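Enquirer: build me a model from this:
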Amino acid sequence: MGSCDDVNNHVDFWRAHSYLPICEDSKKPYVGKVFKTLDEAYEFYSMYGHAAGFDTRRGGMKRGKHRQVLYQYFICRREGVKPDSKKDISESSVQKKIRRRKPSTRNGCKARITTTLNDDGYYVFTSFSELHNHSLVTEDVRHLMKFNRKMDESHQMIMLKCAKSNIGPVRAFRIFKELVGSFEEVGCTSKDFKNLSYTMNSYVDGVDAQLLLDRFLSKRETDECFKCEYLVDETHKVKSLFWSDAVAVQNYSLFGDAVSFDATYTTNRYDMIFAPFTGKDNHGGCVTFGAGLLTREDVNSYSWILKQFIECMGTAPAMIITDQDPALKIAVENVMPNTRHRFCMWHIMMKLAQKLPNSLREDVELKSKIQSVVWSELDEPVDFERKWTEVLDQYELTDNTWLADMFSLCSYWIPAYFRDLSMSGLFRTTSLSESENSFFRRYLNRNSNLAAFYIHFESAMEAQRHNYKQACIVDQTTVPQLKTHTPLEHHASLIYTRNVFMDIQTEIIEAIDRCRIKSMETDDDEQWYSVDDRSNGVFKVVHIASEETITCSCKKFVRVGLICRHMFVVMRNVGMKLIPSKYIVHRWLKAASAEVISTSNMKSRNKSLMAEAFRCIGIAEGNDELADSLLTELKRWAEINSNGAQCLSPARGKQKMFELFYGSKIPSVVTVHPPDAVKTKGSGKRLKSTYEVAAEKAKKPKRRCRKCRRLVRHDSRNCGKVVEEESDEE
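Expert: Prediction:
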């Protein structure tokens, strides 16, 4: 035990380092003050702490026989001490887990007040320790105290709106700060926003799959055009999902002649593969026909989602383009036997450099020749095979295994083999899918649960369809600039969308400037033209006057549904003023658009509410009298409508907010569970190709090696190994 001198020294130290709160007498508690309820007593003490500069919390209590609180301490938030965490400081334990250096708010403060239940059923302050052993919060930072940091309805609304558009809590906090004017007026911190976001995500842990399926089934009951299907494994965990709505089905009927299918990764917390079906609309933009989530990239999974897509749309597309996935190739052949399957040319040609012998990898002429042979859309299969063989013979590449394998698959990716397939020229690569995946990534979040994923997906679809409407309004309100005086160009400007007309206009200009009729032969009703195109050679065009039929050997109309420059030459020669109806493909017209589906009354009402609120704020901006009047009216309305059934506890208020965000209550019965985190070919660390390694290496800045004293990309540790290689590169 310590001596009396030690005790006296401790008391002197306590008195010398104690702080007396200063506030108005009306806010200061005193022994004997009476309250009807314990909550009222705590509220009064908290208001005192706020005015004095310290936060409070409830301390220990004692209950009676009927569970009624007999007394309770209200204490300073800095009461107590942080538990000692230095239980095991051995080297193995330190290596096992490294803890954050988190400061403690506890410092053993003794300030407290005791509230006791008296004989009359009221609560009374019976003892009051006023002094603190720490400095109190100054006036300029009191808005950051725990008492003042509350996430009310306004914060929750901003969080909900931002979360639906994949705007994180920190950015949502910044947006709210701009709306209210300053950080002091926000009423909380960015950490509070992050905590609320974490709570919102945790709210559906383990039940998000069931929540999503309940939402799907609910939508299917109210909208018979909404399609959704799912599979579960033997443990009742989600295995596969597919969905599509009425607008997507209508878009497929207009633009579904060719489909691009490409999976993307890291869009949800379970790493399920996101697989949208993408097409090209009449403005040349992306249009989504349906989407799915998969846990596996095998034949069965791909076959299932392709079957669901066909059943939903009613028919398979004429052509589908994918990457060179062996499982997907088998699935397409099994499920879509009448659909032409095309491989992405870009994915194949990207491998060319690393598949060539070392002596030819830097041969620019060889690469140029192969590129011209492969990418040409004007050659027939026989011409392609001849040119391919000539290049391989010239550079002695006939024994190259990879080139031989690619030649054996040439009917899957070489344009020459798709010349006779309608609309095959819409896709030669999966770049449209890559563009769509990039678009979706602005809205999707790799940490989202399944329910939040679908909410983000809906936001992305709303944005995609809004962009489409913007393109439509441009067509309806603007007139393109004509560059020739031909009636054909004027007719095209009236019927085609802006982007498509620009392609048509280019063909018309090229027909006038670079094409001429080299020869013409006539046989009764038929005319054979040889059209000399200075850019690409001579093409054969046949015109049958009685049928108003024109065909060209370049087959551009077959490939993309647009008239080529060679056909325009003949049309001008025979005096056509309008494009024949049989050569006007409906998918490229201004009139080709899905039927507009009206939004719900709830969305329209929300729009009116937000518009009126901001209109009122705009009117009152800069006028103190109007601003005070508006604030008074809003407070009065909130006070009237916050009573009764709508007055919720903080916990119930958060629950209501979460239900509003997810669109449904927590299901009472869970029969479908979320999957475990899956492993896919797109997860983990991918081995980079030689081309990618070289490209990254070229971007790195050079530095001076301390050994060879040259500006290079190595250092003294590996100077001898790579100095000769770098010299060769230079």
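
Enquirer: all contacts plus neighbour counts: C-alpha atoms, from now on.
Expert: OK.

Enquirer: show me where pLDDT drops low in the stretch 1-150 of the chain?
Expert: Applying pLDDT under 70 to the stretch 1-150 of the chain picks out residues 1-17, 84-101.

Enquirer: ok, which stretches of it are strands?
Expert: With DSSP state E, counting those that start in this stretch, the ranges of strands along the stretch 1-150 of the chain come out as 34-35, 56-63, 69-76, 112-117, 123-129.

Enquirer: of all those, which lies closest to I348?
Expert: strand 56-63 (65.3 Å; C-alpha to C-alpha).

Enquirer: gap between the closest one and the chain center?
Expert: In this view, strand 56-63 has its centroid 46 Å away from the chain centroid, taken as C-alpha atoms, centre = their mean, to the nearest Å.

Enquirer: how about the strands of the stretch 1-150 of the chain in JSON lines, adding distance to R516 and mean neighbour count?
Expert: As requested, these are exported to JSON lines (distance: least, C-alpha to C-alpha, whole Å; neighbours: other C-alpha atoms under 10 Å):
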{"stretch": "strand 34-35", "distance to R516": "100", "mean neighbour count": "18"}
{"stretch": "strand 56-63", "distance to R516": "90", "mean neighbour count": "14"}
{"stretch": "strand 69-76", "distance to R516": "93", "mean neighbour count": "20"}
{"stretch": "strand 112-117", "distance to R516": "99", "mean neighbour count": "23"}
{"stretch": "strand 123-129", "distance to R516": "103", "mean neighbour count": "18"}
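
Enquirer: tell me where the stretch 301-450 of the chain has strands.
Expert: 319-322, 340-343.

Enquirer: beyond the lengthiest helix in the chain, next helix or strand please.
Expert: Counting residues, the longest helix found in the chain (DSSP state H) is helix 450-477. Downstream of helix 450-477, the next assigned helix or strand under DSSP states H and E is helix 487-495.

Enquirer: export that next one to PDB, keeping only CA atoms.
Expert: Extracted in PDB, the C-alpha atoms of helix 487-495 (Å, rounded to 0.1, in the frame of the first residue of the first chain):
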ATOM      1  CA  PRO A 487     -31.500  13.600-104.000                       C
ATOM      2  CA  LEU A 488     -30.200  10.300-102.600                       C
ATOM      3  CA  GLU A 489     -28.200  12.100 -99.900                       C
ATOM      4  CA  HIS A 490     -31.300  14.200 -99.000                       C
ATOM      5  CA  HIS A 491     -33.500  11.100 -98.800                       C
ATOM      6  CA  ALA A 492     -30.900   9.400 -96.600                       C
ATOM      7  CA  SER A 493     -30.800  12.400 -94.200                       C
ATOM      8  CA  LEU A 494     -34.500  12.100 -93.600                       C
ATOM      9  CA  ILE A 495     -34.800   8.400 -92.800                       C
END
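
Enquirer: pull the distance from the longest helix of the chain to the chain's centre.
Expert: 12 Å.

Enquirer: just the buried positions in that helix, please.
Expert: By neighbour count with 16 or more other C-alpha atoms under 10 Å, helix 450-477 contains the buried residues 450-457, 459-461, 463-464, 468, 471-472, 475.

Enquirer: stretch 518-528 too?
Expert: Buried residues in stretch 518-528, defined by neighbour count with 16+ other C-alpha under 10 Å: 526-528.

Enquirer: if C228 is in a bridge, with which residues?
Expert: Assessed by DSSP bridges, C228 has beta-bridge partners W243.

Enquirer: what helix or strand is W637 on?
Expert: Following DSSP H and E, one finds W637 within helix 624-641.

Enquirer: which residues touch that helix?
Expert: Outside helix 624-641, the residues that touch it by C-alpha atoms under 8 Å, 6 or more residues apart in numbering are 616-617, 619-621.

Enquirer: list the buried residues of that helix.
Expert: Result for helix 624-641 [16+ other C-alpha under 10 Å]: buried residues 627, 630.

Enquirer: so for it, mean pLDDT?
Expert: If you average the pLDDT over helix 624-641, you get 82.

Enquirer: domains in this structure, by residue range?
Expert: With automatic domain parsing as the criterion, the domains of the chain are listed as 4-82+104-144, 149-202, 222-344+423-473+667-683, 345-412, 498-588, 697-729.

Enquirer: how many neighbours does D405 have?
Expert: D405 sits with 10 neighbouring residues when counted by other C-alpha atoms under 10 Å.

Enquirer: for it, give its distance to Q72.
Expert: Per C-alpha to C-alpha, to the nearest Å, D405 is found 81 Å from Q72.

Enquirer: how near is the closest residue to R713 other than its chain neighbours to V374?
Expert: Excluding the flanking residues, the one nearest R713 by C-alpha to C-alpha, 6 or more residues apart in numbering is K702, at 5.0 Å. Going from K702 to V374 by C-alpha to C-alpha gives 37 Å.

Enquirer: repeat that for T56.
Expert: Distance from T56 to V374, by C-alpha to C-alpha: 75 Å.

Enquirer: and Y583, by the same measure?
Expert: Distance, Y583 to V374, by C-alpha to C-alpha: 29 Å.

Enquirer: so those two - more neighbours on which side?
Expert: Neighbour count, other C-alpha under 10 Å: between Y583 and V374, V374 has more, with 21 against 14.

Enquirer: contacts only, for the more buried one.
Expert: Counting by C-alpha under 8 Å, 6+ apart, V374 makes contact with 384, 414-415.

Enquirer: now the residues you listed in CSV, with neighbour count?
Expert: Converted to CSV, those look like this (neighbours: other C-alpha atoms under 10 Å):
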residue, neighbour count
F384, 22
I414, 24
P415, 27
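
Enquirer: close enough to count as contact, E184 and R142?
Expert: No - at 9.2 Å, E184 does not count as touching R142 under the criterion of C-alpha atoms under 8 Å.

Enquirer: ok, these two, which is more surrounded?
Expert: Comparing E184 with R142 by other C-alpha under 10 Å, the one with more neighbours is R142, at 20 against 15.

Enquirer: which ones are touching the more buried one?
Expert: Contacts of R142 (C-alpha under 8 Å, 6+ apart): 50, 53, 148.

Enquirer: the first one - how many residues pack around it?
Expert: For H50, the tally of surrounding residues (other C-alpha under 10 Å) stands at 22.
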